[in-house]
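**Student:** fold the following and give me the result.
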Amino acid sequence: MNYELFDHGEKKIYLINMLKEDHQIFSELFEKGVRNYLQAGKKIGILINKKGHTGGTICKTCGHIPQCDRCSVAIHYYLLPNGEKVGMCHICKKQYQFPKSCEQCNSSQIQEYGMGTQKLAELIKKTFGAESLIIESESVRSPKKIEKLSSELQKYQNTEKKPIIIGTSLLTTPIKDRKFDLLIFVNADIGLNLPDFNASEKNFYFLYEAFLKHQCKSFLVQTMNPDHHSIRNACKLNKSDFFAKEYDFRKQYNYPPFGELCLILYKDEIEQKLFNKVDQLYKELLYLQERYQLKELEIYTTPPLVYKIFGKYRYNIVIKGKEVRNFMDIVYSKLQLNKKGFKINRNAESII
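**Tutor:** Numbering: from 1, shown residues only. Model (predicted):
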């Protein structure tokens with residue numbers, strides 16, 4: 001059996017182990033559940049945490065992945081009503097043409113990777129013959145758009161065939177005029193890929209709050225990490241066990257609330273200038289740490305998750321430990337960081 005059932009009376013949560021599903025996008029339980037609920041005229045919601053059609057393209061010859069020239073992120077692709085695909089940076093919104101050949105080696109062997117809401121809708125149509133309605137943050141950005149969405153949903157209120165609702169993290173909160181009978185998480189691991197100390201906590205709440213807020217009776221949770229404490233405890237609706245595990249992790253590595261965290265960010269359009277400024281400040285901080293004998297502090301440099309945004313390179317200095325506030329008071333009295341262009345977050349909740 002490729003799944004585990006967590007029975008909470010009126011709510012049933014099925015945790016599906018995708019490691020046993022032979023690299024399929026839809027698990028056996030996913031397909032069976034969708035077919036049965038469609039046949040019964042029930043309401044289905046599918047949550048996937050990526051907009052657009054595909055996450056990017058890769059050259060099968062040299063492995064090159066096109067990135068935005070202003071931001072160091074892969075170009076996402078969206079499907080236009082005329083069937084064409086357009087690339088877009090999800091940070092600066094700059095648009096790009098879909099590549100016909102590799103810009104590095106000129107190979108025509110271009111492959112798309114990753115799946116967004118639009119591609120999922122295509123697969124739903126191909127696999128189940130069902131129509132889909134995509135709901136993203138843009139759909140509820142203004143009262144007029146909310147009204148338009150509500151009237152769209154009302155059209156299907158008394159029809160036998162109801163469209164499958166596909167959405168991003170927006171679907172974790174119930175939508176007006178739409179209560180689901182079945183809610184599916186295509187990939188419950190998405191938040192665990194972030195290299196941050198609070199990734200597990202965010203992933204836990206992403207699932208946990210959806211389970212609590214929605215009144216639907218059945219949830220399907222697809223995951224490659226069925227034993228991860230954030231996913232298992234969310235499916236168990238067990239906050240105390242999750243926080244016990246998180247407590248031990250944060251205490252061991254001195255993360256908040258057991259230690260303080262400060263992030264000093266510097267940005268520059270010239271990469272070498274960025275390195276020089278960050279290196280100079282880093283050495284000054286180490287000097288002050290030694291002079292005031294704050295040996296337990298951890299000070300290191302690291303690039304953010306996105307290295308370049310809007311044409312500016314970025315680098316962080318992380319200061320972690322139990323004496324961060326006292327140390328930063330010393331730093332402020334000795335160094336004029338604000339005048340030097342550094343952005344300081346004295347109570348950082350993330351290191352990316």
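**Student:** from here on, just use CA atoms for contacts and neighbour counts.
**Tutor:** Fine.
**Student:** so H76 bridges to which residues?
**Tutor:** M88 (DSSP bridges).
**Student:** so it touches G87, yeah?
**Tutor:** Yes. Using Cα atoms under 8 Å, H76 is in contact with G87, at 5.4 Å.
**Student:** neighbour count: the two, which is higher?
**Tutor:** Applying other Cα atoms under 10 Å to H76 and G87 shows that H76 carries more neighbours, namely 30 against 26.
**Student:** tell me how far E31 lies from P257.
**Tutor:** 43 Å (Cα to Cα, to the nearest Å).
**Student:** what about the helices in this structure?
**Tutor:** With DSSP state H as the criterion, the chain has helices at 28-39, 117-128, 143-155, 199-213, 229-235, 239-253, 271-291, 324-334.
**Student:** show me what contacts L133?
**Tutor:** A121, P163, I164, I165, I166 (Cα atoms under 8 Å, 6 or more residues apart in numbering).
**Student:** circling back: just say which of the helices of the chain is most tucked in.
**Tutor:** Mean neighbour count (mean count of other Cα atoms under 10 Å) peaks for helix 229-235 among those, with a mean of 23.
**Student:** and it, average pLDDT?
**Tutor:** Confidence over helix 229-235 (mean pLDDT, whole number) is 97.
**Student:** could you do stretch 31-42 as well?
**Tutor:** Rounded mean pLDDT across stretch 31-42 is 94.
**Student:** and S139, what pLDDT?
**Tutor:** 52.
**Student:** quick one, domains of the chain?
**Tutor:** Using automatic domain parsing, the domain parsing of the chain gives 3-50+115-250, 54-114, 260-345.
**Student:** keeping just the C-alphas, turn stretch 108-119 into PDB.
**Tutor:** What follows is stretch 108-119 as a C-alpha-only set of coordinates in PDB (Å, rounded to 0.1, in the frame of the first residue of the first chain):
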ATOM      1  CA  SER A 108      17.800  22.700 -30.700                       C
ATOM      2  CA  GLN A 109      17.400  20.000 -28.000                       C
ATOM      3  CA  ILE A 110      15.400  22.200 -25.600                       C
ATOM      4  CA  GLN A 111      13.400  20.500 -22.800                       C
ATOM      5  CA  GLU A 112      10.900  22.000 -20.500                       C
ATOM      6  CA  TYR A 113      10.900  21.100 -16.800                       C
ATOM      7  CA  GLY A 114       8.700  21.700 -13.800                       C
ATOM      8  CA  MET A 115       4.900  22.100 -13.700                       C
ATOM      9  CA  GLY A 116       2.700  25.100 -13.000                       C
ATOM     10  CA  THR A 117      -1.100  25.600 -12.800                       C
ATOM     11  CA  GLN A 118      -1.500  25.800 -16.600                       C
ATOM     12  CA  LYS A 119       0.300  22.500 -17.300                       C
END
